[in-house]
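# Everything below, folded, please.
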Amino acid sequence: MQMNPKSLALYAGMITFAVVSYAIIADYGTKNLTAQEDISGKYVLTLESSSDCFTTAVPPLLVIGQSGGYLNADVVSSDAAPPVLRRALVGNGKLNGRVIEQKVRVESPSVALGSCSGKQPLLIEATVDKDMVKGQLTWQGVIYPFTGSKKVSVA
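Alright, predicted model coming up:
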């Protein structure tokens, strides 16, 4: 059986196109597409100014659950029950937002904070570097600067 030169050229052209396309896409992906760094976990916060919603004996926790660049979070007291702590980690946090280049922004239009019962808008803007977080929490029109470190779970 004799091969038609036009068919052979078409076949060679399609194979070449597929190989070159794959090489271009793979090169672009390795240079420009990177996964977000994992920042999910529990961070023990130290508020720089006092809050009526948290006591110094029981500091607040910022609990972050992450799926790519999207975040779910909660701010709870550090002695909260395990189901409350897991809620944000599995994606059911009361605060929603994004992380872009290690800058976190999560918010909720109506949430209770710590021992304060009234629900108000809450906004958290922070930067995460390794196991440290630094930023500000805005609630009831008051800005609370904070720093925090990641809590290592043993269970």
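# make it CA atoms for all contacts and neighbour counts henceforth
Fine.
# Spatially, what comes nearest to Q140 if we skip its sequence neighbours?
Q120 (6.1 Å; Cα to Cα, 6 or more residues apart in numbering).
# That neighbour and V84, how far apart?
19 Å (Cα to Cα, to the nearest Å).
# what does S49 give?
Going from S49 to V84 by Cα to Cα gives 25 Å.
# Name the residue in these two with the higher neighbour count.
Neighbour comparison, S49 and V84: the larger count goes to V84, with 15 against 9 (by other Cα atoms under 10 Å).
# pretty sure that one is in a strand, no?
No. Read with DSSP: H, G, I helix; E, B strand; the rest coil, V84 is helix and lies in no strand.
# I'd like the numbering to begin with 796 instead of 1 from here.
All right, first residue 796 from here; so that's V879.
# Run through the residues that contact it.
Counting by Cα atoms under 8 Å, 6 or more residues apart in numbering, V879 touches no other residue.
# Now do the same contact list for K889.
Contacts of K889 (Cα under 8 Å, 6+ apart): N867, A868, D869, A883, S903, V906.
# would you list every one of the strands in this structure?
For the chain, the strands defined by DSSP state E occupy 836-842, 855-862, 865-872, 890-895, 898-906, 915-924, 927-934, 937-946.
# So which elements touch the last one?
In other words, strand 937-946. For strand 937-946, the contact count by 3 or more Cα pairs under 8 Å, 6 or more residues apart in numbering; DSSP states H and E identifies strand 836-842, strand 927-934 as packing neighbours.
# let's see 10 Å
Counting contacts by 3 or more Cα pairs under 10 Å, 6 or more residues apart in numbering; DSSP states H and E, strand 937-946 packs against strand 836-842, strand 855-862, strand 915-924, strand 927-934.
# I'd like to check the angle between that strand and strand 855-862, please.
70 degrees (axes from the mean of the first three to the mean of the last three Cα atoms, to 10 degrees).
# Residues contacting strand 937-946, please?
Outside of strand 937-946, the residues within contact range by Cα atoms under 10 Å, 6 or more residues apart in numbering are 834-846, 855-858, 917-933.
# Thanks again, I'm all set now.
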